[in-house]
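K.L.:
Requesting a structural model of the entry that follows:
(chains A and B)
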There are 2 protein chains.
Amino acid sequence: MDNNLRALFNPENIAVVGASSNPSKAGFTILNNLLSIGYPKKVFPINITEEKILGLTCYEKLSEVEDKVELVVLITPSEMIYGIMEDLDKRMAEKNDVKVIVCAAANYGETKTEEGIRRQNCLMDTAKKYGIRVVGPNCIGVIDNINRVDTTFVETLLPKETRGKRGGISFISQSGSIAASILMTGASQPAPISMNKFISIGNMVDVDFIDLLEYLEEDEDTKVIGMYMEGYSDGKKLINTMARISKKKPIVVLKVGRSDVGAKAANSHTGSLAGSDAVYSAAFKQYGIIRTYSFEELIDTLQAFDAFPLPEDNNVFILSQAGGFGIYCTDALLDEEVLNMPVVEEETKAELRSILPDMASVCIPEGYADITASANVRQHVESLRIVLKDKNVGSVIFITVIPSFLPSKELAAELVKLLKEGEKVSKPVLICIMSGNYVRESRVILEKNGIRTFDTPSNAVKAVRHMVEYASFLKDAEGRK
Amino acid sequence: MDNNLRALFNPENIAVVGASSNPSKAGFTILNNLLSIGYPKKVFPINITEEKILGLTCYEKLSEVEDKVELVVLITPSEMIYGIMEDLDKRMAEKNDVKVIVCAAANYGETKTEEGIRRQNCLMDTAKKYGIRVVGPNCIGVIDNINRVDTTFVETLLPKETRGKRGGISFISQSGSIAASILMTGASQPAPISMNKFISIGNMVDVDFIDLLEYLEEDEDTKVIGMYMEGYSDGKKLINTMARISKKKPIVVLKVGRSDVGAKAANSHTGSLAGSDAVYSAAFKQYGIIRTYSFEELIDTLQAFDAFPLPEDNNVFILSQAGGFGIYCTDALLDEEVLNMPVVEEETKAELRSILPDMASVCIPEGYADITASANVRQHVESLRIVLKDKNVGSVIFITVIPSFLPSKELAAELVKLLKEGEKVSKPVLICIMSGNYVRESRVILEKNGIRTFDTPSNAVKAVRHMVEYASFLKDAEGRK
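P.N.:
Numbers count the residues shown, from 1 in each chain, chains lettered A, B, ... in the order given. Just a heads-up that it's a prediction; the model follows:
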């Protein structure tokens, strides 16, 4: 493992060049985020005019910091890069300690102007001289929740409760806005997402997709890798790397620049060549790399891979308390050619009938049960238990629209008992408790216990489809060995 | 206009047969909802054992109510229907006042059992004898926000602030669960949706899609009609009705039972025949009826039609502060063949360049501007103003991912000034302020001022596509005259 990259996620002390006492500045937010996440080592704000910011003693120059500094965050106006690199040169000649720079500032190579490129070259010349790795420029920063590092200048978004909490999702983003939105949307889930590692890579002038994918490949805490990508200079090499890793852990990608016009916009944005979308698409399919087409699908799918075991097969049972959404889900499920609604055993049907109201529709059609709006908590939970033990069921989509007489929090608690406290459930159960704020608390109960929930049945269908396809890819890859 | 149907939405007094003092019962929630919405006339709970419920005097029998009763809500166990109809018969012989029954109770014809059908026949025989119209059975009720009627037994979902507030959306649902979810999801929007009329039609044993569509056709307060449908006995007649109305106001449909298996589930649910999906699809297309495929798309599209003027053409400009989401939106927009990214006038480009940072990407590609993450409030609002006045721009999708230094509430307030307080803006502006809880307050500011916002750019694309298609249908229909 690259020791310098290690210092990106677990550095011995951090200096923030361009730290600010103005709360509306990025140089303030970075310090604030580092303190808020509880970074356990030392943080040194570099600021010429201030004495202290957020209780931390400021230094005029990086070279004046006595202690070891492994990670330097740059958030100064880009025209200051020359002076800063001169000072870094001085420090490295004396101490040779800096291993990685996160250049969060913009106005470098991505502007395609002469000055921008000259600044970027200045940054890179010094970095290369000492073997310092560079993330960015033009990125929003890096988070490692386990090592309690947060160098982002996004408003303190990781809710306290998720800080330092081990999550299985790591994310690499070529766009700062997508990266920020992933954090903001993740923080707004019923139980906020605890990312494992999170990297906004900006211009990718040095540390790039391949470096980070290889790092995450070896990172035992990363269960699933998410990627937002616009393009990459060596598409073939990238695909080969992704193909190798994809056999070990799922990679979920949102790749834009699908259209020619979108590709043009991507080139104008990060200067990257989107590459032939058809080529990427075919390669993703061949190598079991999961491609999503919408932002919601990306987030739902990442959460599903993190939360659930892989399904054994493509048989998905729809268990619904709501007729309308049951049919809606059936349509959505059958839109996905890879999925199937299974014929369950006669015993399962008989058991379901024995506990459900007469009006319930049991396995009409096959693979489907409507337990009716009159179903109580016990009927919800028992019918799920019965369906789960059928050998022909690989996954379950469980839908309920809470009527006023159904205690939704009690239902959530009973589902937690069934799925997390009893015999180990080795099948994905994708739960939709609907709708809106009214059912938020019950979703929180489930999610805090590691059971991810979905806004709508069609979102659940998309997530289970990706899991089924990936599981099938792994089986085939195993068979080819 | 059918005077009996009028009494469904604006009745002279309401009796609730099966009213209950138990807050977990539907018979309680209905009373509570009627009181909460501020129904201005009299409500009579019919309950044999209680004296008062929620301060309202109970009556043992419907026939004992002295005052006029135009609307009767039934929420008793279905086996009691015989006694209730006998009593209704008595009342009608004496007073002949009841015009409409909302039978919210289930366990009637939809069960396809002998008893269920017999009960339904009993209900209908009495109703027909007196020309009383029946909504249901097996429905969740009816809401008219303007006349302050709410006979639903869904937990009081309409936020106080929306009650009695004039909204342009009316919705007809063949499924109780979809109906309830529409209310719950609507109530959870940044500014809760104020429905105009809302009807859960259940088994459609009498009042059906056609009756209600014709009512809403004439209802001046209904700007857009939403429908959830599983099937209808006379598909041709339904399509003809929808085709006529569609020339006057948009009809947005979520039709399920698309697949054979889904159709089977629909038949098992409401006993309806889904009909050939291809036939419906072709007819919808021909007659400008807007078909949506997901629940979110349905809600977004209804809100868009309610909030925005129809676009003049298919030219959609993407104005984004966020490169990643700008490209993402470009891809999504070009997935819709009907939409186009316009070439704007040189003057527009020059004006944009004059106010934006050097790094901004103006019209590369055409119809697209990335104002960059450094854009301040003024640059956001001014660039929108400039784009809006270009004659080649029909609609704008406006995207911003709020960084910590951008005051999002100020931005929202300035957007309100531009779009609602200045010169009348006659083009749709679909705003995505991202993401999650962090931007909720700014979205509330916009939505409370009638500017609907969207969760993601792809959701906005779907909504604008439907508006463009409908506008084009109207133009063609006009041309054929």
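
K.L.:
give me every residue that touches the residue of chain A positioned farthest from its centre.
P.N.:
In chain A, the greatest distance from the average C-alpha position (Cα atoms, centre = their mean) is reached by residue A:358, at 43.8 Å. Neighbouring residues of residue A:358 by Cβ atoms under 8 Å, 6 or more residues apart in numbering or on different chains: B:111, B:113. (C-beta placed from N, C-alpha, C; glycine too.)

K.L.:
Tell me how many other residues crowd the nearest residue to residue A:41 once chain neighbours are set aside.
P.N.:
Closest residue to residue A:41 apart from its sequence neighbours, by Cβ to Cβ, 6 or more residues apart in numbering or on different chains: residue A:13 at 5.1 Å. Neighbour count of residue A:13, defined by other Cβ atoms under 10 Å in any protein chain shown: 18.

K.L.:
Ok, the one 3 residues further on next?
P.N.:
For residue A:16, the neighbour count with other Cβ under 10 Å is 31.

K.L.:
Sticking with it, tell me its helix or strand.
P.N.:
strand A:14-17 (DSSP states H and E).

K.L.:
Kindly report the same for residue A:225.
P.N.:
Assigned by DSSP H and E, residue A:225 belongs to strand A:224-229.

K.L.:
Extract the C-alpha trace of that strand and format it as CSV.
P.N.:
What follows is strand A:224-229, C-alpha atoms only, in CSV (Å, rounded to 0.1, in the frame of the first residue of the first chain):
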residue,chain,number,x,y,z
VAL,A,224,-18.9,-1.3,-1.6
ILE,A,225,-17.3,1.4,-3.8
GLY,A,226,-19.3,4.2,-5.3
MET,A,227,-18.0,6.4,-8.2
TYR,A,228,-19.1,9.4,-10.0
MET,A,229,-17.1,9.8,-13.2
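
K.L.:
And chain B, is it touching that?
P.N.:
Yes. Using Cβ under 8 Å from any Cβ of the partner chain, strand A:224-229 reaches chain B at residue A:228.

K.L.:
Indicate each strand paired with that strand and its parallel or antiparallel sense.
P.N.:
Neighbouring strands of strand A:224-229 in its sheet, by DSSP bridges, are strand A:169-173 (parallel), strand A:251-255 (parallel).

K.L.:
Which SSE is immediately downstream of the last one?
P.N.:
By that I understand strand A:251-255. Remark: after strand A:251-255, the chain's next helix or strand is helix A:260-270, criterion DSSP H and E.

K.L.:
For the first helix or strand past the strand holding residue A:225 going along the chain, which outside residues touch it?
P.N.:
The C-terminal neighbour of strand A:224-229 among helices and strands, as given by DSSP H and E, is helix A:235-246. Helix A:235-246 is contacted from outside by A:209-210, A:213-214, A:216-217, A:225, A:232, A:251, A:275, A:279-280, A:283, A:286-289, A:473, using Cβ under 8 Å, 6+ apart.

K.L.:
least trustworthy helix or strand in chain A by mean pLDDT?
P.N.:
Using mean pLDDT, DSSP states H and E, the weakest-scoring helix or strand in chain A turns out to be helix A:260-270, at a mean of 78.

K.L.:
On the pLDDT front, check the residue in the stretch 301-450 of chain A positioned nearest to chain B for me.
P.N.:
Residue of the stretch 301-450 of chain A nearest chain B, by Cβ to the nearest Cβ: residue A:324 (2.6 Å). On pLDDT, residue A:324 comes in at 94.

K.L.:
so what are the domain limits for chain A?
P.N.:
Domain segmentation of chain A under automatic domain parsing yields A:3-304, A:309-478.

K.L.:
Quick one: end-to-end distance for the shortest one.
P.N.:
The reference is to domain A:309-478. End-to-end span of domain A:309-478 (Cα to Cα, to the nearest Å): 18 Å.

K.L.:
Tell me how far it lies from the chain's centre.
P.N.:
Distance of domain A:309-478 from its chain centroid, counting by Cα atoms, centre = their mean, to the nearest Å, is 24 Å.
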